[in-house]
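Q: Sequence plus predicted model, see below.
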Amino acid sequence: MSSRTYTDAINALNSLQSNFASIEAMKKLGPNVNRNELSINEVREYTSRLGYAPRDFNKLNIIHVTGTKGKGSTCAFTESILKQYQPDHISKIGLYTSPHLKSVRERIRINGQPIEKELFTKYFFEVWDKLTSTMSDPQEWPSLQPSDVVKPMYFKYLTILSFHVFLQEGVDTAIYEVGVGGTFDSTNIIEKPTVTGISALGIDHTFMLGNTIESITDNKTGIFKKGSPAFVSEQKEYPKTHKLIESRAKELGVSSLEFVHPDDLPDVELGLSGEFQKENAALAVRLTDSHLKAIGVDSGLTVSGGKVDSLPEKFRKGLKDVDWPGRCQIITNNPSDITWYVDGAHTVESITASSKWFKDEQLKSSSSSKKRVLLFNQQGRDNYEELLTTLYQTISGEGSKVSFDEVIFTPNITWSSGQYNPELLAKNTSEDAVKKLEIQHKFSDLWAKLDGGKAKRSVFADIETAVEYMKNEGQDLNVFVCGSLHLVGGFLVVLDNERE
């Protein structure tokens with residue numbers, strides 16, 4: 001109905017979130033429960049109700065990417081390079097990623113831009129109404145399976161919506177970032193991707209993927225498809241996974257498998273900071289070239305012995321012009337004399353990488369004498385203490401010349417009113433724990449043990465109050481914002497609001 005608004009769509013979408021209690025119950029079931037297979041079968045069922053068969057998605061010419069860290073950046077580099085081939089060879093590029101920073105529309109992009117509110121609302125309710133109209137009489141519901149009467153949960157719904165949007169909008173190249181894992185991820189109903197890619201692997205989402213690198217690797221290689229080429233970042237942290245990856249590639253029938261090393265890429269300027277981004281850029285280059293070949297385009301890129309000999313100018317421009325906020329982002333154009341170093345790292349591996357980036361920036365910066373502040377939160381992972389410890393040891397460990405003068409911990413609540421931005425509402429954490437700031441006080445106590453009580457420690461109930469506090473400190477600051485994409489998203493919303 002035309003009277004329904006974008007706000008109505010967001011409210012309806014938020015009603016599909018899993019709450020804290022259900023997530024905790026799922027964690028107790030362990031990683032080997034059949035719910036994973038049931039979950040992906042639900043996606044097939046829901047897309048069927050919309051009138052789509054999996055083969056219909058082949059029209060999108062999909063590049064499918066997974067990994068533990070760097071998969072989003074890899075997708076962003078890939079999109080940026082492919083934009084250089086418009087409009088002569090590609091009409092519309094779709095990009096599906098998660099999570100979002102400020103607006104859920106960031107997850108569904110066309111030609112580099114989040115879809116407009118009007119389009120989001122239109123397509124959202126087309127899917128919503130179609131799934132409602134295909135349900136049986138409510139009197140029959142008790143005898144039906146839950147998936148017959150309940151709409152897909154948040155991530156599944158957005159995945160299904162993205163397929164609908166891209167097909168309806170005539171997208172002829174699409175890049176899909178896996179949400180969690182690979183084999184049973186909602187995106188993995190794709191039958192014939194043009195190419196698949198895996199970025200750096202690590203230990204994460206253990207309650208769904210298992211707590212060993214072998215089980216995680218096995219799951220993530222589930223995106224490999226028969227007849228499609230596969231490219232995998234060289235696993236520096238877990239080289240023993242290479243044999244398993246090779247075995248899975250053979251088992252699943254990929255047309256070829258190549259491991260990509262960052263040194264395979266010649267010197268080139270990247271639009272994303274951080275030395276580790278060269279790994280993601282190198283992977284993106286090979287994925288893009290393979291995709292272009294699949295759609296009949298000769299990029300001019302040449303490779304010998306695994307190394308890129310000549311990198312076409314379009315590739316160089318794409319790598320330089322990439323825009324991926326919230327990942328090793330430096331913000332200086334704000335009213336206060338504060339330099340913000342922003343990264344949404346939230347795994348041990350990504351925290352290590354982003355912390356090295358921040359430390360390197362401080363050591364080479366002429367403003368390194370400025371007061372350093374950490375703004376941190378991680379609300380959703382069981383190993384949150386390990387994440388903060390990793391950050392401290394990487395930046396300020398024994399012999400380091402970089403330390404924090406003050407550390408600030410907040411929940412992901414956006415505003416001082418106690419409200420979340422509607423598009424950043426999270427139901428998957430304990431409301432009681434958030435209100436009591438339980439984890440934030442644990443972080444504060446842990447930091448005192450880590451640095452011997454040297455840094456000033458503060459706990460605030462929301463992001464806005466923390467940002468306002470730093471603005472009013474009356475001195476130059478270098479602030480590292482890290483620990484969660486949800487924190488970074490809320491921070492960017494607050495910062496943007498203050499600039500208006």
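A: Good, I have the coordinates. Numbers count the residues shown, from 1 in each chain.

Q: Name the secondary structure element that contains residue 330.
A: Residue 330 belongs to strand 329-331 when assigned by DSSP states H and E.

Q: For that strand, give the mean pLDDT please.
A: Mean pLDDT, computed over strand 329-331, is 93.

Q: contacts for it?
A: In this structure, residues lying in contact with strand 329-331 by CB atoms under 8 Å, 6 or more residues apart in numbering are 273, 339-343, 361, 495. In short, each C-beta sits where N, CA and C put it, glycine included.

Q: Which one of those is nearest to residue 253?
A: residue 343 (37.4 Å; CB to CB).

Q: Okay, now stretch 66-74: how far is its last residue from its first?
A: Across stretch 66-74, the terminal residues are separated by 9 Å (CA to CA, to the nearest Å).

Q: nope, stretch 364-380 is what I meant
A: Using CA to CA, one end of stretch 364-380 lies 33 Å from the other.

Q: quick one: buried residues of that stretch?
A: By neighbour count on 16 or more other CB atoms under 10 Å, the buried set for stretch 364-380 is 370-380.

Q: Would you mind writing the CA trace of stretch 433-448 as PDB?
A: C-alpha atoms of stretch 433-448 as PDB (Å, rounded to 0.1, in the frame of the first residue of the first chain):
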ATOM      1  CA  ALA A 433      23.000  -6.000  31.200                       C
ATOM      2  CA  VAL A 434      23.000  -3.000  28.900                       C
ATOM      3  CA  LYS A 435      21.100  -0.800  31.400                       C
ATOM      4  CA  LYS A 436      23.400  -1.800  34.200                       C
ATOM      5  CA  LEU A 437      26.500  -1.300  32.000                       C
ATOM      6  CA  GLU A 438      27.800  -4.600  33.300                       C
ATOM      7  CA  ILE A 439      30.200  -5.300  30.500                       C
ATOM      8  CA  GLN A 440      31.400  -1.700  30.400                       C
ATOM      9  CA  HIS A 441      32.400  -1.800  34.100                       C
ATOM     10  CA  LYS A 442      34.100  -5.200  33.500                       C
ATOM     11  CA  PHE A 443      36.100  -3.600  30.600                       C
ATOM     12  CA  SER A 444      37.100  -0.700  32.900                       C
ATOM     13  CA  ASP A 445      38.300  -3.100  35.600                       C
ATOM     14  CA  LEU A 446      40.200  -5.200  33.100                       C
ATOM     15  CA  TRP A 447      42.000  -2.200  31.700                       C
ATOM     16  CA  ALA A 448      43.100  -1.200  35.100                       C
END
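
Q: contacts for it?
A: Applying CB under 8 Å, 6+ apart, the set of residues contacting stretch 433-448 is 376-379, 384-385, 388-389, 392, 407, 409-411, 413, 455, 457-459, 461.

Q: Write the PyMOL selection for whichever of these are buried.
A: Buried members of the contacts of stretch 433-448, defined by 16+ other CB under 10 Å, are picked up in PyMOL with:
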select buried, resi 376+377+378+379+384+388+389+392+407+409+410+411+413+455+457+458+459+461
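
Q: what bits of the stretch 301-450 of the chain have low per-residue confidence?
A: For the stretch 301-450 of the chain, applying pLDDT under 70 flags the ranges 333-335, 366-368, 381, 427-430.

Q: Which residue ranges of the stretch 101-250 of the chain form helices?
A: Remark: helices assigned in the stretch 101-250 of the chain by DSSP state H, counting those that start in this stretch are 117-133, 146-149, 154-168, 206-209, 213-220, 241-252.

Q: Include mean neighbour count, distance to residue 181 and mean pLDDT when you put the ones you listed into JSON lines, please.
A: Below are these laid out as JSON lines (neighbours: other CB atoms under 10 Å; distance: least, CB to CB, whole Å; pLDDT from 0 to 100):
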{"stretch": "helix 117-133", "mean neighbour count": "16", "distance to residue 181": "24", "mean pLDDT": "93"}
{"stretch": "helix 146-149", "mean neighbour count": "13", "distance to residue 181": "20", "mean pLDDT": "43"}
{"stretch": "helix 154-168", "mean neighbour count": "22", "distance to residue 181": "12", "mean pLDDT": "97"}
{"stretch": "helix 206-209", "mean neighbour count": "19", "distance to residue 181": "5", "mean pLDDT": "63"}
{"stretch": "helix 213-220", "mean neighbour count": "21", "distance to residue 181": "4", "mean pLDDT": "94"}
{"stretch": "helix 241-252", "mean neighbour count": "16", "distance to residue 181": "13", "mean pLDDT": "98"}
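
Q: With distance to residue 439 added, can I get those in JSON lines?
A: Shown next, in JSON lines, are those (distance: least, CB to CB, whole Å):
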{"stretch": "helix 117-133", "distance to residue 439": "33"}
{"stretch": "helix 146-149", "distance to residue 439": "32"}
{"stretch": "helix 154-168", "distance to residue 439": "22"}
{"stretch": "helix 206-209", "distance to residue 439": "18"}
{"stretch": "helix 213-220", "distance to residue 439": "25"}
{"stretch": "helix 241-252", "distance to residue 439": "32"}
